[in-house]
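*Asks:* Okay, sequence plus prediction incoming.
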Amino acid sequence: MKDHPDRLPIERCQHGWLYRVYSRNLNLGVYREEERGFVGIRHKMGSRYLFTEYHWDIGPPYGTANPLEAICQCPVDRLDEYFRPVSGSEIDPNTELFDWIEEQGKLLNITPESC
């Protein structure tokens, strides 16, 4: 992954906002300030799941996401990749966030092939 000339610096990223990103695995992601990363839908070997890529400005080897454009604020309160259950051993996917990001991608006509 390389630096993108139109990348927004980390100081301009707002927690809870959806961004169009140029990265290894995501094309849209919601910024999580505490992690300095973007949660988005990753496509890998036929699977689709929430995944975090970190802002380019944190440096190698983990900084791989170049945010290009702020789109809108995310209405979902929980921005985790998954929910940790109170009891039991199962980890529940954050389907509310997944569904919202997926819907935004459809509305914006942003698919993995378009990035």
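*Replies:* That came through fine.
*Asks:* Leaving out chain neighbours, which residue sits closest to Glu102?
*Replies:* Residue nearest to Glu102 in three dimensions, not counting chain neighbours: Ile41, with 6.2 Å by C-beta to C-beta, 6 or more residues apart in numbering. Any C-beta I mention is one placed from the backbone N, CA and C, and that applies to glycine too.
*Asks:* Run me through the strand neighbours of the helix or strand encompassing Arg20, direction for each.
*Replies:* Element membership for Arg20, per DSSP states H and E: strand 17-22. Under the criterion DSSP bridges, strand 17-22 sits next to strand 28-32 (antiparallel), strand 63-73 (antiparallel) in its sheet.
*Asks:* which residues sit against it?
*Replies:* Strand 17-22 is contacted from outside by 4, 7-8, 13, 27-31, 38, 40, 53, 65-74, 101, 104, 108, 110, 115, using C-beta atoms under 8 Å, 6 or more residues apart in numbering.
*Asks:* Since that was my last question, I'll sign off now.
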